[in-house]
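> Fold the following and give me the result.
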Amino acid sequence: MTVTAIVGANWGDEGKGKMTDVLAAQSSYVVRFQGGSNAGHTIINDYGKFSLHMLPSGVFYPNVANIIGPGTALDMEVLIKELQELEARNVPAPKLFISERAQVVLPIHRLLDELEEERLGARGFGSTKRGIAPFYADKYAKLGIQVADLFHPQRLRERLEQMLAIKNVQLQHLYGRDPLSVDEMAKQLLESFQFLSSYIKDTTTMLQQAYMKGDPILVEGQLGALRDPDHGIYPFSTSSSTLAGYAPVGAGLPPYAISQVIAVVKAYSSCVGAGPFVTELHGDEADELRRRGGDAGEYGATTGRPRRMGWFDTVATRYGCMVQGATEAVLTNLDVLGYLDDIPVCVGYELEDGSIIDHFPVTADLQSAKPVLRTLKGWKCDLSHIRSFDELPEAAQQYVQFIESSIGVPIKTISVGPRRDQIMMR
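Okay, the predicted model is just below:
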C-alpha cells in the first residue's frame, strides 16, 4: 500500500470521515488536499462523537501524521477551536502538520460569502457561508495569503493592502458596508498564527519522502464528485476539485502516486445545498428517511441544516465513481433502509423532451429531469449487529449486488451503523 484516496461519489455526506478513521489505523499519514471548513466529517469512537471541519480524520490515532496540504483553504479560527475541543475531551494531542504553502481563509472571505448569499436570495447556491468561494476566487486572482506570509508581518500587510483595496470598494458600493482595516485584520491573523506556528512545515517534501519509502498514506477528500466545479452540478458546486485526480496536486505528491481510489456511497441519497437532485423526496416520506438516517438523523455536519433526501441514484453514482476513477466502493448506511417493505432505486432519467437516459447529463438538462424508478424488495429487519455479508438477509444481499452491478465498481466494504466496528468486508 502506498497512497489511497478516500472520496465521495455523490453530493457529499457519504460517510468518508468514518472510513478514513477506520483505515487510518493502518496508515502513517492522513492528508486533507482540498476544501476548507465548509463540510464536516462525523466520527464516532471511544472518545465520543466529533464533527471535524479542518482537522484530518486521522487525529484520533497518536501514531498518525495528519497533514493539511497546500490545496486546502485553511480556516485558522476553526482549526484552533477543533484542537481545543480535542484537548478538552481528553483526546491525546494529534501529530499535525500544516503546509507552509496552504492559503488562509480571511474574515473578509466569510463576510463576502454571507453578503453575496443574502444578495442572491432565492437564486443563491446554498453556500455554507464559510468563505470558500471568495477564498478560491482570491487564490486564483493571486490575491491570497499563504501561511508562509504570516512569518513576515510586513509582507503580510502589503498583501492585505493589495487585497483590501479591491474588497473595500466592493463592500462599500455593492453591499453598503463599512471598509475593513488592514491593521485589524493583520492583528487578528497574527494572533491566530501564534497559536498554530509550531505546526507549520514543508509538508510536500515530507510526503514525497514518505511516498519514496513506501509509507501508507491516505488522502481524504471533502464533499463528493457531483460538487466538483468541472464535472459536477455547476454552478451548484464547491470551489475546489473534489476528485481523486486532484489529490496529488492538493497534497503535494507525484501524479502517479495514487494506487487505490475508494469511493464512498450511501445506500440512499442525501445532500446539503442547492441544485438539481433528481430523486429528491418531500413531506413525510423524506422526513422518515431523514429521521432514521445518519447517526442522529440526516443533518449537515457544518450547517446543521436538514439534508435533502432521496432514493439511491444509480445514474449519478455510476458517473461519480467513473470521474473519481474508483477502484472499489464502500456502501454506508445500509441498516437505515430496514424499515421499508419495498425500496425504490433510480435507474434512469426522463428528460423534458420525454427521452429516457441512463447517463448523467449537464446541469442544464438535469434541472428538469425526473427519476425512472425500479423497486427492490426490502428486508424489514435490523442489520446493525451483523458483521458478515453472508449473514445479511437475502433481500439485503440482493440490494447490494444490484447497486454493485449498476455502478460498475466492486463494493468491498459495507457499513451498518455509525461506529467503527459496524462494518463488514466482502
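> burial count for Glu118?
Neighbour count of Glu118, defined by other Cβ atoms under 10 Å: 11. All C-beta atoms are positioned from the backbone trio N, CA, C, and that covers glycine.
> any idea how far Asn90 is from the spatially closest residue to Val91 that is not a sequence neighbour?
Excluding its sequence neighbours, the residue lying closest to Val91 (Cβ to Cβ, 6 or more residues apart in numbering) is Tyr47, at 5.2 Å. Distance, Tyr47 to Asn90, by Cβ to Cβ, to the nearest Å: 7 Å.
> okay, those two: which has more neighbours?
Legend: neighbour count by other Cβ under 10 Å for Tyr47 and Asn90, higher for Tyr47 (13 against 8).
> That one contacts Pro92, correct?
No - look at Tyr47 against Pro92 with Cβ atoms under 8 Å: they stay out of range, at 9.4 Å.
> Just say helix, strand or coil for the residue of the chain most remote from its centre.
Largest separation from the mean C-alpha position in the chain: Gln154, at 35.1 Å (Cα atoms, centre = their mean). Classification of Gln154 using DSSP: H, G, I helix; E, B strand; the rest coil returns helix.
> so where's this protein uncertain?
The chain contains residues with pLDDT under 70 at 1, 124-126, 300-303.
> Helices along that one, start to end?
16-24, 76-88, 107-120, 132-140, 153-173, 182-196, 203-213, 247-251, 283-292, 314-324, 363-366, 394-407 (DSSP state H).
> neighbours around Arg227, how many?
Using other Cβ under 10 Å, the number of residues around Arg227 comes to 28.
> and it, what does it touch?
For Arg227, the contact set (Cβ atoms under 8 Å, 6 or more residues apart in numbering) comprises Trp11, Gly12, Ile233, Phe236, Ser237, Thr238, Thr242, Gly273.
> pretty sure Ala24 contacts Gly58?
Yes - between Ala24 and Gly58 there is a contact under Cβ under 8 Å: 3.7 Å.
> Between these two, which has more neighbouring residues?
Neighbours around Ala24 and Gly58, counted as other Cβ under 10 Å, are more numerous at Gly58. The numbers are 29 against 25.
> Relative to the whole chain's centre, how far out is stretch 261-280?
Mean C-alpha position of stretch 261-280 versus that of the full chain (Cα atoms, centre = their mean, to the nearest Å) differs by 12 Å.
> What's the end-to-end length of it?
Length of stretch 261-280, first residue to last, Cα to Cα, to the nearest Å: 28 Å.
> Stretch 343-363 now?
Its start and end residues considered, stretch 343-363 measures 27 Å (Cα to Cα).
> Quick check: closest non-adjacent residue to His385.
Going by Cβ to Cβ, 6+ apart, His385 has Val416 as its nearest residue, at 8.0 Å.
> now swap in Ile145 and tell me
Among residues not flanking Ile145 along the chain, Val104 sits closest, at 4.8 Å (Cβ to Cβ, 6+ apart).
> Need the nearest residue in space to Lys167, chain neighbours excluded.
Nearest residue to Lys167 in three dimensions, chain neighbours excluded: Ile108, at 5.2 Å (Cβ to Cβ, 6+ apart).
> Return the distance of the residue nearest to His385 relative to Leu189.
As for Val416, its distance to Leu189 is 45 Å (criterion: Cβ to Cβ).
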